[in-house]
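Asker: Make a model of this:
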Amino acid sequence: MKFLLIFSIFVILSFGQTPNSFSEELALFTNSNVYSPDHNLQVYGTGLSEENLIIRLFSPDGSIAKFDQLTTNSDGTFNYNLITWPNPSTNFPYGTYTVEIISTAQNGISQKIDVKFSSTTELIDVPVERHVNTLVFAPETAAINQPFRVFVQTTSDGLLIGNDSTELLGSTHVHLPSGISFPLSSSFKTLHQGLFFVDYTPREEGTHVFHVVAFSKGTTSHGSSATTVLSQDLGGISDQIIKLNSILDETSSELDILKSEIAGFDSTLEKASNKIDESTGTISTSVEYISEASSQLNSLLFPIIASIGIIVALQITIIARRR
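Answerer: Coordinates of the predicted model:
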């Protein structure tokens, strides 16, 4: 009875076990960590018996550089020459690559290994690590309540990476002059793979610091840029300077015209002065003539007046005698 009970429990457990309850088995290895041109990238490992596996090779920018399929042996092992590294090019630049193997029979589980493609032959001295760089481009000055655009570039081993700004730039923020921080991760838009931008409108005067945090495949990179927000931007000041220059040009033209008119007025004054001098000379001559005429007139009138005086005196004498 005990044997039958134990056997029944074993049968129930065996038939009640679903395929998902089997332990997952997938392992991936490479023949080296660092490669140079003309070296073979050999991948090997284990999976289920005669299982179809997908092998992908990702370039440093995250794009798929090689894609293959293979079937494991009856014992689950596999050994496959994925690629012979070519000379570096835009399609295969130096940098950190990722080898991924995906199981098609085990719920799509996968394994990944990072390898380095390098120019050096001292393979053991080359570290297999990613270098993510973040650059931030923001204007040096801006005007309050006037929007401006901030650009962000993210690269890994010199190649642009990232398409989802929310995931890649999830911790990005701006430090305001008042001391508080404002998140920007949800405001970015994708211009191109690895190129993002945000339109930002400042509400405070002072220095705004944009702190961009990029996170890609376990590696974090920081970048920052500062913008000084003024009450008026340089564009407005430049317009005022241009307007002032225009006014100065008009004033200069008017001064030139006035100068030419004054030059003509000087010649007119000179002519008038000469005429006045001539007129003064003429008047002086006339006065001399009048003086001479007056003297001649006096010489003519004096005897006549004397004669009249004598006649008047004789008449007075005659009248006095008659009385």
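
Asker: which regions of the chain sit below the pLDDT cut-off?
Answerer: 1-24, 121-129, 233-240, 261, 263-269, 272, 293-294, 296-298, 300-301, 322-323 (pLDDT under 70).

Asker: Determine the longest helix present in it.
Answerer: Using DSSP state H to define each element, the chain has its longest helix at helix 234-322.

Asker: ok, now how distant is Leu159 from Phe182?
Answerer: 31 Å (C-beta to C-beta, to the nearest Å). (C-beta placed from N, C-alpha, C; glycine too.)

Asker: Compare neighbour counts for these two and give me the winner.
Answerer: A direct count of neighbours by other C-beta atoms under 10 Å for Leu159 and Phe182 places Leu159 higher, at 17 against 12.

Asker: if I pick the closest residue to the more buried one other than its chain neighbours, what's in contact with it?
Answerer: In space, and not counting its chain neighbours, Leu159 is closest to Asp61: 3.6 Å by C-beta to C-beta, 6 or more residues apart in numbering. Applying C-beta atoms under 8 Å, 6 or more residues apart in numbering to Asp61 gives the contacts Ser156, Leu159, Leu160, Ile161, Gln193, Gly194.

Asker: that's a helix at Asp61, yeah?
Answerer: No: the assignment for Asp61, made by DSSP: H, G, I helix; E, B strand; the rest coil, is coil rather than a helix.

Asker: hang on, the earlier thing: farthest pair within the contacts of Asp61?
Answerer: Spatial extent of the contacts of Asp61 (C-beta to C-beta) is set by the pair Ser156 and Gln193 at 11.3 Å.

Asker: Of those two, which one has the most company?
Answerer: A direct count of neighbours by other C-beta under 10 Å for Ser156 and Gln193 places Ser156 higher, at 24 against 15.

Asker: so where does the residue nearest to Phe148 when sequence neighbours are not counted fall, helix or strand?
Answerer: The shortest distance from Phe148 to any non-neighbouring residue, by C-beta to C-beta, 6+ apart, is to Ala142 (4.8 Å). Taking DSSP states H and E as the definition, Ala142 sits inside strand 141-143.

Asker: Could you list the paired strands of that strand along with their orientation?
Answerer: Counting by DSSP bridges, the strands paired with strand 141-143 are strand 219-230 (parallel).

Asker: Which parts of this structure belong to which domain?
Answerer: According to automatic domain parsing, the chain comprises the domains 21-125, 132-232, 240-292.

Asker: for the longest one, the distance to its chain's centre please.
Answerer: With C-alpha atoms, centre = their mean, to the nearest Å as the basis, domain 21-125 stands 41 Å off its chain's centre.

Asker: do the same with the last one
Answerer: A distance of 58 Å separates the centroid of the chain from that of domain 240-292, by C-alpha atoms, centre = their mean.

Asker: Output the domains of the chain in TSV, with distance to Pro303 appended to each entry.
Answerer: Conversion of the domains of the chain to TSV gives the following (distance: least, C-beta to C-beta, whole Å):
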stretch	distance to Pro303
domain 21-125	135
domain 132-232	99
domain 240-292	19
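
Asker: Dump stretch 92-107 to CSV, restricted to CA.
Answerer: Only the C-alpha atoms of stretch 92-107 are listed here, as CSV (Å, rounded to 0.1, in the frame of the first residue of the first chain):
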residue,chain,number,x,y,z
PHE,A,92,32.2,48.3,-37.7
PRO,A,93,34.0,51.0,-35.7
TYR,A,94,36.2,50.3,-32.7
GLY,A,95,34.3,50.1,-29.5
THR,A,96,32.4,47.8,-27.1
TYR,A,97,30.0,45.3,-28.7
THR,A,98,27.4,43.1,-27.2
VAL,A,99,26.8,39.4,-28.0
GLU,A,100,23.3,38.2,-27.2
ILE,A,101,21.9,34.7,-27.5
ILE,A,102,18.1,34.2,-27.3
SER,A,103,16.3,30.9,-26.6
THR,A,104,13.2,30.2,-28.7
ALA,A,105,12.0,27.3,-26.5
GLN,A,106,12.6,28.7,-23.1
ASN,A,107,10.2,31.7,-23.0
